[in-house]
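Peer 1: The sequence and its predicted three-dimensional model are supplied below.
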Amino acid sequence: MACRITELVLDCADPRRMGEFWCEVLGYVELGWDGEDLEIGPPAGFGGPQPTLILSRSADPKPAKLPLHLDVNPTDRNQDAELERLLAAGARPADVGQTGEESWHVLADPEGNVFCLLRRRVDPITVDGP
């Protein structure tokens, strides 16, 4: 047997705003609140093929280039169109020392957490219904 990543936790100052942003980016929905922490995930909920994201309120979030960051790929458009969509949703370009020759874009979410938009288009995850 092996383990599987089921949740990712991101410390943030404003879970509601971050939830809105990441729901827009990932096509996720709000799954529920546990105190001041918001869980978002795919419409199928926890336990499916995609991990949920816990946005944990913190008085001292550490934005910037984290030791671990998210990479996202477009599913229904090319990289340029997806970049426009993410920027309109509140992402902004981030500089972590890239050369400008990379095939990906380095972005920051509304609280400054760095993530990358990769070039390759991937198929969306579909979950068989009942």
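Peer 2: Yep, that arrived. Numbers count the residues shown, from 1 in each chain.
Peer 1: need the helices for this protein, in chain order.
Peer 2: 15-26, 79-89 (DSSP state H).
Peer 1: can you pull out the strands in the chain?
Peer 2: Here the chain has its strands, by DSSP state E, at 7-12, 29-34, 37-41, 52-57, 70-72, 92-93, 105-108, 114-117.
Peer 1: Neighbours of residue 103, how many?
Peer 2: Per other CB atoms under 10 Å, the neighbour tally for residue 103 reads 8. Backbone N, C-alpha and C define where each C-beta goes, glycine included.
Peer 1: residue contacts, the nearest residue to it once chain neighbours are set aside?
Peer 2: Counting by CB to CB, 6 or more residues apart in numbering, the nearest residue to residue 103 once its immediate chain neighbours are dropped is residue 119, at 4.6 Å. Contact analysis of residue 119 by CB atoms under 8 Å, 6 or more residues apart in numbering lists 73, 79, 103-104.
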